[in-house]
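Enquirer: build the 3D model from these lines:
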Amino acid sequence: MPVIYRTDGAWGTGKGSNLAPAEVDGNFYDVDTRVTFIEDNPVEPITPTAINIEGGLFTMGLSDGSTLGPIVMTYPMPTWRGDWGPGVAYNEIDFFIAPDNGFGSVMIPHTSAATFDWGALDTGGTGLPVYRQLIGGSGTTSGIADQVDVALGTQADDDLLMWDAAPSLWRNQTPAFLLDNALGTTQGSIVYRSATAWVALAPGTAGQVLATGGAGANPAWSSSSGGGGITQLTGDVTAGPGSGSQAATLANTAVTAGSYTRANITVDGKGRITAAANGTGGGDVVGPGSAVSGNVATYSGTTGKLIADGGASIADLKKQAIQVAVSDETTNLTTGTAKLTFRMPFAMTLTAVRSSLSTASSSGLVTVDIKESGTTILSTALSIDATEKTSTTAATAAVISDTALADDAEITVDITAAGTGAKGLKVTLIGTR
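Expert: Numbers count the residues shown, from 1 in each chain. Predicted structure coming up:
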């Protein structure tokens, strides 16, 4: 509904009289409705949606579909100017070769002078340097001495740079000069770290000792409370009395000097041998600290005086191996049962089985079954892979199902797979008696 005005004005012709209460309320309602609509439907701001720079032109796309630009941008572009010349108009970040063969850039636009000077300043009002040296005049990367605030003298190994405030220059100095300059040159001074800096403690007087104050305190010279140090030793070791260097004497014990066989000795609480006598008999043999309980001692070396670490286990000493040929060396293997039969020369606890060939199979496995009194002792057959000569490299290892081989038991060897062209088959039983 339209707003009802009482008087005439820019809004048009008014009512000419006071508004009725309902008209006043209607005006307020109309304004409130318009404000509420604006609050509920705010005008979306116009935001950038795209920016494009082509050459020196800048363009921005806006969210209302309009475009800002193109706007011409001006910025310095690096330009290679070759050899520097007099009376030339140079621009910012022009690059050039100086007359001394140094490489540099222009920092402030200017027209060059008649002669070149790396330290030339802008005469246009800024007073700043117009050139920046990037590569030294020798044609190599600029060194420390090429810097305007460095003045190097004769240089030596381990020299350090020190700031000289008066001329505002860095100078090279030896470490000794720097320490002397910072801490002084008084002989006998001692350097320590205070709470804030490294400082020098002036020399003390003759006879004083340096005493620490502990953490958080500075050391200081202190007068000795021992009357000038140790002047005499008493007890088991005696020396003095007297000042300066004194010869010390170790008190004798009741032990007679000499050599003892299988000596019986007595040692007191101070580590001194107070009694010694020749022993009798061989006594117990003491092996190395790393000996293994139950192992048999073995000698180390040829002197017969040293026992090897660990020794040898009883199982190692009892280990036995029986190897038999199942075929000749020239005939290709063929499959079959009881290709070899023999009897056990003693009872054996079987721990491993192996087979080998003198000529490998060109294709296919060579597989062997071993039987005791007609019953296999393997749950997984003993095999040699194609092109291999030993079962130790087989993809599938043999598994023993019967480890107890009886004395005089009949052992037979079957070839269950002969491969191709395999020759010279041997079988080995490994175990302990």
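Enquirer: start to end distance for stretch 35-50?
Expert: Distance between the two ends of stretch 35-50: 33 Å, counting by CA to CA, to the nearest Å.
Enquirer: now what about stretch 194-213, what contacts it?
Expert: Residues outside stretch 194-213 that contact it (CB atoms under 8 Å, 6 or more residues apart in numbering) are 182-184, 186-193, 216, 218-224, 228. All C-beta spots, glycine's among them, are computed from the backbone N, C-alpha and C.
Enquirer: meant to ask about stretch 116-128, not that
Expert: So stretch 116-128 is contacted by 84, 86, 98-100, 102, 104, 107-108, 110, 113, 129-131, 133, 148 (CB under 8 Å, 6+ apart).
Enquirer: now, which of those lie within strands?
Expert: 104, 110, 131, 133 (DSSP state E).
Enquirer: of those residues, closest to Asp40?
Expert: His110 (62.4 Å; CB to CB).
Enquirer: ranges for the helices of the stretch 201-350 of the chain?
Expert: Under the criterion DSSP state H, counting those that start in this stretch, helices of the stretch 201-350 of the chain are mapped to 314-318.
Enquirer: who's in contact with the residue lying closest to Asp164 once chain neighbours are set aside?
Expert: Among residues not flanking Asp164 along the chain, Arg171 sits closest, at 5.1 Å (CB to CB, 6 or more residues apart in numbering). Each residue near Arg171 by CB under 8 Å, 6+ apart is listed here: 150-153, 161-162, 164.
Enquirer: could you do Arg354 as well?
Expert: Per CB under 8 Å, 6+ apart, neighbours of Arg354: 382, 390-392, 427-428, 430.
Enquirer: turn the residues you listed into a markdown table, including distance to Gly207, secondary structure and pLDDT.
Expert: Formatted as a markdown table, these follow (distance: CB to CB, whole Å; DSSP: H, G, I helix; E, B strand; the rest coil; pLDDT from 0 to 100):
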| residue | distance to Gly207 | secondary structure | pLDDT |
| --- | --- | --- | --- |
| Leu382 | 90 | strand | 97 |
| Thr390 | 84 | strand | 97 |
| Ser391 | 86 | helix | 96 |
| Thr392 | 81 | helix | 96 |
| Val427 | 92 | strand | 97 |
| Thr428 | 86 | strand | 97 |
| Ile430 | 82 | strand | 94 |
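Enquirer: same list, those, but as JSON lines with neighbour count and distance to Asn295 please.
Expert: Shown next, in JSON lines, are these (neighbours: other CB atoms under 10 Å; distance: CB to CB, whole Å):
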{"residue": "Leu382", "neighbour count": "25", "distance to Asn295": "32"}
{"residue": "Thr390", "neighbour count": "14", "distance to Asn295": "30"}
{"residue": "Ser391", "neighbour count": "24", "distance to Asn295": "30"}
{"residue": "Thr392", "neighbour count": "12", "distance to Asn295": "27"}
{"residue": "Val427", "neighbour count": "21", "distance to Asn295": "31"}
{"residue": "Thr428", "neighbour count": "15", "distance to Asn295": "26"}
{"residue": "Ile430", "neighbour count": "15", "distance to Asn295": "20"}
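Enquirer: ok, back up a step: pLDDT score assigned to the residue nearest to Asp164?
Expert: For Arg171, the pLDDT comes out at 84.
Enquirer: again with the one 4 residues further on
Expert: Confidence per residue is given as pLDDT, and for Pro175 that number is 89.
Enquirer: leaving out the residues flanking it, which one is nearest to Asp404?
Expert: Slight slip there: residue 404 is Ala, not Asp. Leaving aside its sequence neighbours, Ala404 sits nearest to Thr349 (CB to CB, 6+ apart; 6.4 Å).
Enquirer: for Thr49, that is, sorry about that
Expert: Gly61 (4.8 Å).
Enquirer: just give me the neighbour total for Leu210.
Expert: 12 (other CB atoms under 10 Å).
Enquirer: what are the buried residues along the host helix or strand of Asn172?
Expert: Asn172 belongs to strand 169-173 when assigned by DSSP states H and E. Buried residues in strand 169-173, defined by neighbour count with 16 or more other CB atoms under 10 Å: 171-173.
Enquirer: distance check, Leu121 against Ala114.
Expert: Remark: distance between Leu121 and Ala114 (CB to CB, to the nearest Å) = 16 Å.
Enquirer: the two: who's more crowded?
Expert: Neighbour totals were compared for Leu121 and Ala114, and Leu121 leads with 14 against 6 (other CB under 10 Å).
Enquirer: that one pairs with what?
Expert: Beta bridges link Leu121 to Pro129, judged by DSSP bridges.
Enquirer: separation between it and Ala165?
Expert: Taking CB to CB, one finds Leu121 at 24 Å from Ala165.
Enquirer: can you check Gly119 too?
Expert: Between Gly119 and Ala165 the distance is 22 Å, computed by CB to CB.
Enquirer: so for those two, which sits in the more crowded spot?
Expert: Gly119 (9 against 6).
Enquirer: run through the protein and note the low-pLDDT ranges.
Expert: 1, 76, 136-148, 224-230, 243-244, 281-291, 294, 297, 299-313, 315 (pLDDT under 70).
Enquirer: quick check: longest helix of it.
Expert: In the chain, with assignment by DSSP state H, the single longest helix is helix 21-40.
Enquirer: Thr250 reaches Gly235, doesn't it?
Expert: Just so we're on the same page, residue 250 is Leu rather than Thr. No - the criterion here is CB atoms under 8 Å, and Leu250 misses it with Gly235 at 10.3 Å.
Enquirer: ok, so what distance separates the residue nearest in space to the middle of the chain from Ala151?
Expert: Taking CA atoms, centre = their mean as the criterion, Asp158 is the residue nearest the geometric centre of the chain, at 29.5 Å. Applying CB to CB, the value for Asp158 to Ala151 is 19 Å.
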